[in-house]
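Colleague: Got a sequence here, can you model it:
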Amino acid sequence: MNKFIHPLLVFFVMALLTSAVHAQIFDLNVTSYGSLGANTTFKNFVDAEILKVENKVNSDLPNAEPKRLMQGMANSSAMATKGVGTDYASHMDVFLVGASLGAGVDLEKQSNSDSDFSGVGVAPGVVVGTNLGFIGYNRWAMYVNFMSYLHKQKLSTKPGEESSAEIGMFTLGTHFRYNLIHRQGGKLLGWGGLKLHFGYDYNSTALNFKSTIRKTVNETSSSNEQIRGTIIGNPEAVIDVATHTIPLEISTDIQVLYLFSFYTGLGTDVNFGGAKGKANLNADESNLTCTGGACGAGEVIKVLASANINEKASVSPLFLRGFFGAQINLPYLRIYGQVNKNFGDDLIGVAAGARFVF
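Modeller: Numbering: from 1, shown residues only. Here you go, the predicted model:
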């Protein structure tokens, strides 16, 4: 199962980790301009040079304003579980086993950020299902899904700009399916009937970002002030996401020429949980020396590295969504893909997987 999940999982994780940044996770703040704090031209020159260093440090890290990022991460976590732990078109007779991967993305863009989205969630899972006909409940099927996964990733190895991320995931869910109307027709052309789905999903993600700041500054202004020195820091940021979801869905499907199945449905989800970020500065003030021009024989500029992520937000309490999926039916093997869209916002989800069905 890991051979199937790993490349897709890394793809979705890196979609979050390699975003361009505007609203930074790590900040460099000038805490002292020496005796030239009232010199606007000088301050603008110093701020511009420090911003260049800050942008380089953040160039491999996620973006969006921290409060909105937390909400987007929580909503995406809940959406990522859709389509992972249940089944819509396989029509198992006895049992099912397979692997799935879901992802959720909050595509809302922020007016104060270059971010293309406000959050990403991932939910891998091994799923096992059984038809409950063996205990006399022919209309019922039950599914259980679970997965625990840890992935470490180097984001930048540039000297003085080293950064890394670690992502730990745990998903757990149980689902029930009830056939309101049994399927009709044959395998060449058949209607799958009408199905009711309900259950519970838990999805947790822990993201840890570490950055090494060791940047040498050696710049000269148009007024001949020259600032020199090294900015040093090791800030660390952590995002913890944990969401609980109770889904209720209704679905239908058709099978064409045995090989293809298509399904669609509507769902609503009751959600609770959320996401929170916290930061460790791990840095003292760094001293830069300014000489020449207004600085004369020498002024000391102080810079402090900090982390801009101490926020928390709750998942939206209710989703109303639609979904559509397609499946390839091979002997004992089903390969599927699914798209989920929440109504009223820019939250979407995708799921894909392979299952052996008997």
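Colleague: so where do the helices sit in the chain?
Modeller: For the chain, helices defined by DSSP state H occupy the ranges 2-17, 40-58, 66-80.
Colleague: and the longest one, average pLDDT?
Modeller: Helix 40-58 shows a mean pLDDT of 82 in the predicted model.
Colleague: Stretch 223-241 too?
Modeller: Mean predicted lDDT for stretch 223-241 stands at 86.
Colleague: got it, and stretch 169-187?
Modeller: 94.
Colleague: Show the end-to-end separation of stretch 306-321, please.
Modeller: Start-to-end span of stretch 306-321 (C-alpha to C-alpha, to the nearest Å) is 39 Å.
Colleague: Centre of the chain to it, how far?
Modeller: 12 Å (C-alpha atoms, centre = their mean, to the nearest Å).
Colleague: Just the buried residues of it, please?
Modeller: 306-309, 311-316, 319, 321 (16 or more other C-beta atoms under 10 Å). Glycine gets a C-beta too; all of them are placed from N, C-alpha and C.
Colleague: Stretch 137-157 now?
Modeller: 141-147, 149, 155-156.
Colleague: again with stretch 32-41
Modeller: 32-34, 36, 39.
Colleague: now the most centrally placed residue in the chain: how far from residue 44?
Modeller: In the chain, the centroid-proximal residue (C-alpha atoms, centre = their mean) is residue 120; its distance is 2.4 Å. Applying C-beta to C-beta, to the nearest Å, the value for residue 120 to residue 44 is 36 Å.
Colleague: follow-up on the earlier one: name whatever forms a beta bridge with the residue nearest to the centre of the chain.
Modeller: residue 105 (DSSP bridges).
Colleague: okay but it is in contact with residue 105, surely?
Modeller: Yes - contact between residue 120 and residue 105 holds when scored by C-beta atoms under 8 Å: they sit 5.4 Å apart.
Colleague: Report the backbone C-alpha coordinates of the longest strand anywhere in the chain in PDB.
Modeller: The longest strand of the chain (DSSP state E) is strand 189-211. Coordinates of each C-alpha in strand 189-211 appear next as PDB, following Å, rounded to 0.1, in the frame of the first residue of the first chain:
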ATOM      1  CA  LEU A 189     -25.700  -1.300 -18.600                       C
ATOM      2  CA  GLY A 190     -27.000  -0.900 -15.100                       C
ATOM      3  CA  TRP A 191     -28.200   1.500 -12.500                       C
ATOM      4  CA  GLY A 192     -26.600   1.100  -9.100                       C
ATOM      5  CA  GLY A 193     -29.700   2.100  -7.200                       C
ATOM      6  CA  LEU A 194     -29.800   4.700  -4.400                       C
ATOM      7  CA  LYS A 195     -27.500   4.500  -1.400                       C
ATOM      8  CA  LEU A 196     -27.300   6.300   2.000                       C
ATOM      9  CA  HIS A 197     -23.900   6.800   3.600                       C
ATOM     10  CA  PHE A 198     -23.000   7.900   7.100                       C
ATOM     11  CA  GLY A 199     -20.100   7.600   9.500                       C
ATOM     12  CA  TYR A 200     -17.300   9.400  11.300                       C
ATOM     13  CA  ASP A 201     -13.800  10.600  10.200                       C
ATOM     14  CA  TYR A 202     -10.900  11.900  12.300                       C
ATOM     15  CA  ASN A 203      -7.900  13.500  10.500                       C
ATOM     16  CA  SER A 204      -4.900  15.000  12.300                       C
ATOM     17  CA  THR A 205      -1.800  16.600  10.700                       C
ATOM     18  CA  ALA A 206       1.200  18.000  12.500                       C
ATOM     19  CA  LEU A 207       3.500  20.300  10.400                       C
ATOM     20  CA  ASN A 208       6.800  21.500  11.700                       C
ATOM     21  CA  PHE A 209       8.900  24.000   9.800                       C
ATOM     22  CA  LYS A 210      12.500  24.800  10.800                       C
ATOM     23  CA  SER A 211      14.600  27.500   9.200                       C
END
